[in-house]
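**Student:** what's the 3D shape of this:
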Amino acid sequence: MDSLENVRKFYDETVNYEWRRLDRHKVEFELTKRYINRYIKPNDRVLDLGGGPGKYSLYLSQCGCHVTLADLSQNNVDFALNKANELNLPLNGVRVDCRDLSEIQDGQFDHVLCMGPMYHLQEEQDRGITINECFKKLKPNGMIFVAFVSSYSFVWD
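**Tutor:** This next block holds a predicted model:
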């Protein structure tokens with residue numbers, strides 16, 4: 001089984017854990033929301049790439065944004081869409097590999113959140129491909145938000 005399949009399988013099996021993860025890491029969630037609120041405004045179109053079970057997607061939908069959640073895990077996409085339905089929030093969802101976003105129309109988003117994929121892409125080439133895919137989806141002057149784990153993160157752990 002290749003590493004991409006391992007990642008997909010892991011997230012398909014840990015949807016509830018991922019949903020609760022930001023409840024345990026409140027500082028991360030609140031700090032990220034602070035930056036999101038600084039730049040993303042109601043009615044903006046947002047692609048949440050690697051958005052998992054949808055914490056940020058649902059938050060942005062509540063703020064009045066038009067959000068598309070794209071994730072490698074179909075279980076995460078389904079979870080987010082069900083949660084949006086429960087909360088009566090609009091949300092689009094699609095299962096994709098972050099390195100190939102061809103099924104998502106180019107140039108339609110004001111912002112792209114790429115806060116999941118960079119944790120798992122170990123090859124520099126794959127990271128570059130993903131960032132280029134994100135840029136294709138942005139409108140002119142759009143903004144991309146990227147999060148990653150430093151190779152020195154073990155020092156803090």
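
**Student:** mind listing the strands in this structure by residue range?
**Tutor:** 45-49, 66-71, 92-95, 109-114, 138-146 (DSSP state E).

**Student:** end-to-end on stretch 85-98?
**Tutor:** 25 Å (Cα to Cα, to the nearest Å).

**Student:** Need the nearest residue in space to the most centrally placed residue in the chain, chain neighbours excluded.
**Tutor:** Among the residues of the chain, residue 51 comes closest to the average C-alpha position under Cα atoms, centre = their mean, at 2.6 Å. Closest residue to residue 51 apart from its sequence neighbours, by Cβ to Cβ, 6 or more residues apart in numbering: residue 69 at 4.3 Å. Heads up, the C-betas are built off the backbone N, CA and C, glycines and all.

**Student:** Report pLDDT for residue 7.
**Tutor:** Residue 7 carries a pLDDT score of 86 in this model.

**Student:** What residues does it make contact with?
**Tutor:** With contacts defined as Cβ atoms under 8 Å, 6 or more residues apart in numbering, residue 7 is in contact with 72, 120.

**Student:** which parts of stretch 125-132 are buried?
**Tutor:** Neighbour counts using 16 or more other Cβ atoms under 10 Å place 126-127, 129-131 of stretch 125-132 among the buried residues.

**Student:** likewise stretch 8-15?
**Tutor:** Buried residues in stretch 8-15, defined by neighbour count with 16+ other Cβ under 10 Å: 8, 11, 14-15.

**Student:** Mind listing residues that contact it?
**Tutor:** Outside stretch 8-15, the residues touching it (Cβ under 8 Å, 6+ apart) are 1, 18, 52-53, 71-76, 79.

**Student:** now the helices: where do they sit in this structure?
**Tutor:** With DSSP state H as the criterion, the chain has helices at 3-13, 15-24, 26-39, 55-62, 74-86, 124-137, 153-156.

**Student:** Okay then, goodbye and thanks.
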